[in-house]
Structure formats: C-alpha cells, structure tokens
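A.B. asks: Need a 3D model of the sequence below.
(one chain, ligands or ions: 1)
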Amino acid sequence: MKSLLVEKAWKGEAQQRVRSKQKAEHELDIAMVKKIGSRLGGSLEAYSRVLWDAAVPLTPMGSDPQAVIDQWLHAVAYGFECFGGTDPALRHSILNALAKAGLRATQPLLRNLLLEVAAIPSPAAHKFSFIDLFAGIGGMRLGFQAEGGRCVFSSEWDSAAQQTYRKNHGELPFGDITRMHPSSIPEHDVLLAGFPCQPFSHAGKKLGIEDTRGTLFYDIAQILKSKRPKFALLENVRGLISHQGGDTLRVILQTLTDIGYECNIPRECIILGSSRVIQDAAKRMVLRSNDFGVPQKRQRIYILLWQEGLIGKFDYPRPMQAPTRVGSILDPNPDPRLRLSDRLWAGHQRRKRDNELAGKGFGFGLVTPDSDCANTLSARYYKDGSEILVLDEVGLNPRKLSPREAARLQGFPDRFEVHSSAVQAYKQFGNSVSVPVIEALARQVAANLASIKRRGEPGRRSAGSKRGLAKLGSRTARLS
Ligand SMILES: C[S@@+](CC[C@H](N)C(=O)[O-])C[C@H]1O[C@@H](n2cnc3c(N)ncnc32)[C@H](O)[C@@H]1O
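C.D. replies: As a prediction, this is how the structure comes out:
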C-alpha cells in the first residue's frame, strides 16, 4: 500500500515537472517570437512577412493577402481547414516556411499571439464551425461564438468595417464575395449571411438559380450548393417580405428549395403557394430586438435553413418576456458635444410640425432613460441622429447617442473596440445585428447540431434540384 502511494506521488511529481518544463518552453517560445517580432515590427508581423509570398498567389481578386495569412494562422492555431484547399501539402508548406524563418507554430503559441490582435478572441474550444459572410463588424459572429461556434472564414469588402473586424476578431476578412470561388471556402456547419436586399431582374422567368444571377443572393446560393453546410441563417430587413410585391422573397425561397434546403415554410407552399401565402408565413420568421433584452424596436427577418430532411422544423427562440429600459445603455456622464445646438433642435421641431401638418410621419424619435425602447438604429444615424434623440436632462436640449451607446443598443459588449471615426462607428452598428437575438438563434442551431451528432452524422447530401417539383408533380392545385 505504502509503495503504491509513493509511486503515485512520484508520478504526480514527474507530471508536474513535465508540465513546468512545457510551460517554461512555451514562455521561451513566446519570448523568442516577441524578440524576432520586435525586430520586424510586431510578433504577428513577423509571421505575416514570412507567409506573404506564399499568400499572394492564393489571394482572390478583391481581397488582401493579409486575409489569407490571418485565416491560415487561425486555421493552424485552432486546427481547421486552411484557405486554398484541403491538400495537407498546403499546411505543411505553411509550417515549413515558418520553421525555415525560425518561427515556431505550435497551437498554444499561435493562439497566444492571436490574442494580441483580438479584443474578443476566438474561444479555445468549439462545438461546430461557421462562416461569416457580409460580415460587417462581426455581430453575427459574436452570437454564434457565444454558443460554441468557431469562425473558419469571413468576408466583408468595406475597408473601415474590415479594420473594426480585425481589431476585435483578430482576422482581416476576405473582400468581395462575388470574386471568390465557392469551392475555395473551407468546410463549415453553418453559413451566416446578413446580405443586402436587391431586386431580381429575371424574377418570374422560372430559370431557377439563374433568376438570381448578378445579385449577392446568387453568390450565397452558389456557396450553399458547393459546400452543403447543415444550416444557414440569412438575415435581412423586414421589408424583404414585401419587396417587389413579395417576388424577391418567393424567388429566394424557391431557389433554396431547388438546391436542397428547407425552412419553416412548407415546400408545397413555396412551390405552389401565392406570394401572399408565402409572405404571411415569412412573418413568423421576424424577431424583435426588444424581445431579447435590448431596448430597440428593430425588426428583422431571420431565414433559418437546413439541408433537406435534416430536421422537421426549426423552433425559433421565444421572446424573453423581460422588460427593457433605454437607461440601461446610457452613459451617466455623456459627452456634452452630443447635445443638439438650439438651432438644430429648433430645425427638428419645425420639420416635425410641417410633417404633421402635411399628414406625413414623425420627424424624430424622442426617448427618455425610462422609455422601454428606442427606434431602430440606422446606418445613417451619423447624419443628424434624429431617429433616436435622448432627453436625459431637464431644461437641456436632447442629445444623440454616443458610438458606445449605439454599440450597447445592439447588445455589443463594452470590450468591443469601436471604430475611431464616429461616422464609421454609427454606420457599422446601424448595419449590424442585435447580438442577443443572434445568440438566441445560435442556441437553437447549436442544440439541433448536437442532437444530429448524437443520432449520427448524416452523409453529404446532393443538391435536390427540382426534386420538390417532381414530388409534387401530380399536385396542380394552387395554394392560396
Ligand atoms: C447589412 S450589413 C451586414 C452586417 C453584419 N451582419 C454585422 O453584424 O455587422 C451588409 C454588409 O455586406 C457588405 N457587402 C456588400 N457587398 C459585399 C460584397 N460583394 N462582398 C463582401 N461584402 C459585401 C457591406 O459592406 C455590409 O457591411
């Protein structure tokens, strides 16, 4: 018994020694990289310089080689597919290039370095992977990361949004998605896209996916067709439902059905139903931000899709039933420069009176700290802020929100780094999503992925082009 205890203690000590040796080596690695890095102008800079030449030929038109490098470093650090292909030779040549330059690329070392450039780093462990398209500043990414997702690829072409994205997530997104070959995008479980709403010029000609050519939706559909992720979340303005009398939505849903994806609107309804029936069903995919803890009236449609046959129906998250209050996002000591001048305030009031007399809508939206929620924050809030004015001091004019308050109104955490230009910051938060809404959706997606995993991974399904129509071939009655 005694010898057993001695052996156990000895083993424990030995393990402890190995652990401290590994820790010391790791610290030495970091010190060495920092030394090389400081010579080359920053630790990650050192890695980027070494990888630059290899990244240039693989960089798609409209993207920066730094996007390729950042993706590679994340892929090596967290063990997922490197941009440019599944061939293991690519990963080897990246590691060899670094080794030749005297730069080590162990996972703990790289993760540590990546922390340097990310205010909100990737989580250490993950349960599923996703890609972040039309990424803006990564609001959707934050929601899916919070539920165990790992981002393996991002794309956003606006350079100011790219800067904010890199500061916060540690990677420069790829640029124009229309210049990307779908097959070059890494495998993923979930595709995220908050894409701009555009009309389809061929809509109604029944060309299938070709109806959507020349729009950004076409590029999303091509990626879905090529990579077959299990789920996709498409976010858009509520107005998508009525855009072009419902034609835009109908073409989007028909295209997705053609390529083998389903959503909560039944296949029969999408294929045979009138625009009105589809529109009514789509209204159930609209969520309001103030139902998820942020004091903002924002309403958006969230089209949640899954590979045909993967699940029966998606349970959209239920409202939290918790009261919201504008005061919860306000600074106690706001910058006095946010307050409207007498002239500007008089102009707002005059326009509102004129509008009311002409029977038009209101000119501005006034809230107090006790209001339950504010109007929707728009990307043009920098103009005059008139959609949300805060009356927080008796006897003083109302004021605009600060960029930080705009961030909180969208549910971004305070450690999120805001762009240094207020104009860009308002634009970026106005264009973004309410993070808690995305988190609630991500929770449901993660739960579905976990139960799919428990019952065994399905094989990759082929696109079910026109399958729905064939199945319904005998059915000619038009649903209305
Ligand atoms: C509505 S915003 C999405 C914001 C994002 N969901 C977020 O959380 O910040 C749409 C974004 O798509 C970007 N975009 C538009 N066309 C693009 C393209 N061809 N390639 C890449 N990004 C594009 C815009 O710059 C804009 O930031």
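
A.B. asks: give me the number of residues near the residue in the stretch 101-250 of the chain positioned nearest to the ligand?
C.D. replies: The nearest approach of the stretch 101-250 of the chain to the ligand comes at Gly136, 2.1 Å away (CB to the nearest ligand atom). Bear in mind the C-beta positions are built from the backbone N, C-alpha and C, glycine included. With neighbours defined by other CB atoms under 10 Å, the count for Gly136 comes to 25.

A.B. asks: For it, what is the enclosing helix or strand?
C.D. replies: Using DSSP states H and E, Gly136 sits within no helix or strand.

A.B. asks: Correct me if wrong: it contacts Gln428.
C.D. replies: Yes - counting by CB atoms under 8 Å, Gly136 does reach Gln428; the two are 6.3 Å apart.

A.B. asks: Would you mind listing the residues touching both of the two?
C.D. replies: Residues touching both Gly136 and Gln428 comprise Ala161, with contact defined as CB atoms under 8 Å, 6 or more residues apart in numbering.

A.B. asks: Just the CA trace of the top strand by length along the chain, in CSV.
C.D. replies: Assignment by DSSP state E gives strand 299-307 as the longest strand of the chain. Written as CSV, here are the backbone C-alpha positions of strand 299-307 (Å, rounded to 0.1, in the frame of the first residue of the first chain):
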residue,chain,number,x,y,z
GLN,A,299,-37.4,44.0,-36.5
ARG,A,300,-35.5,41.7,-38.9
ILE,A,301,-36.4,38.5,-40.8
TYR,A,302,-34.1,35.6,-40.0
ILE,A,303,-34.5,32.8,-42.6
LEU,A,304,-33.2,29.7,-40.9
LEU,A,305,-32.5,26.9,-43.4
TRP,A,306,-31.3,23.3,-43.1
GLN,A,307,-30.3,20.6,-45.5
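
A.B. asks: what pLDDT, on average, does it get?
C.D. replies: Strand 299-307 shows a mean pLDDT of 98.

A.B. asks: Can you give me the domain assignment for this structure?
C.D. replies: Split into domains by automatic domain parsing, the chain comes to 2-95, 96-322+435-477, 326-431.

A.B. asks: What residues does this protein have near the ligand?
C.D. replies: 134-140, 155-158, 161, 176-178, 194, 196, 216, 431-433 (CB under 6 Å from any ligand atom).

A.B. asks: Could you spell out the sheet neighbours of the longest strand of the chain, each with its direction?
C.D. replies: strand 231-237 (antiparallel), strand 261-262 (antiparallel), strand 286-288 (antiparallel) (DSSP bridges).

A.B. asks: Now do it: distance to the chain's middle.
C.D. replies: 13 Å (CA atoms, centre = their mean, to the nearest Å).

A.B. asks: try stretch 296-303
C.D. replies: On CA atoms, centre = their mean, the centre of stretch 296-303 falls 15 Å from that of its chain.

A.B. asks: Need the pLDDT of the most centrally placed residue in the chain.
C.D. replies: Most central in the chain under CA atoms, centre = their mean is Met140, positioned 2.7 Å from the mean C-alpha point. On pLDDT, Met140 comes in at 98.

A.B. asks: The closest residue to it other than its chain neighbours: which element?
C.D. replies: Nearest non-adjacent residue to Met140, counting by CB to CB, 6 or more residues apart in numbering: Leu192, 4.6 Å away. Per DSSP H and E, Leu192 falls inside strand 190-193.

A.B. asks: tell me how far that strand is from the chain's mean position?
C.D. replies: Distance, centroid of strand 190-193 to centroid of chain: 7 Å (CA atoms, centre = their mean).

A.B. asks: what mean pLDDT would you report for it?
C.D. replies: 98.

A.B. asks: sec struct for Phe153, please.
C.D. replies: strand (DSSP: H, G, I helix; E, B strand; the rest coil).

A.B. asks: Just give me the neighbour total for Asp70.
C.D. replies: 27.

A.B. asks: Who are the contact partners of the residue of the stretch 301-450 of the chain found nearest the ligand?
C.D. replies: Closest contact between the stretch 301-450 of the chain and the ligand, by CB to the nearest ligand atom, is at Ser432 (3.4 Å). Taking CB under 8 Å, 6+ apart, we find Ser432 in contact with Gly136, Ile137, Gly139, Gly194, Gln410, Phe412.

A.B. asks: Mind doing that once more with 6 Å?
C.D. replies: By CB atoms under 6 Å, 6 or more residues apart in numbering, the residues touching Ser432 are Gly136, Ile137, Gly139, Gln410.

A.B. asks: Model confidence for the last one, exactly?
C.D. replies: Per-residue confidence at Gln410 stands at 98 (pLDDT).

A.B. asks: again, but for the first one
C.D. replies: Listed pLDDT for Gly136 reads 98.

A.B. asks: separation between it and Leu216?
C.D. replies: Using CB to CB, to the nearest Å, Gly136 is found at 13 Å from Leu216.

A.B. asks: How about the third one?
C.D. replies: The spacing between Gly139 and Leu216, counted by CB to CB, is 18 Å.

A.B. asks: Just want to know which of the two has more residues nearby.
C.D. replies: The neighbour count for Gly139 versus Leu216, taken as other CB under 10 Å, is higher for Gly139 (26 against 18).

A.B. asks: what sits against that one?
C.D. replies: Shown in contact with Gly139 (CB under 6 Å, 6+ apart): Ser432, Val433, Val435.
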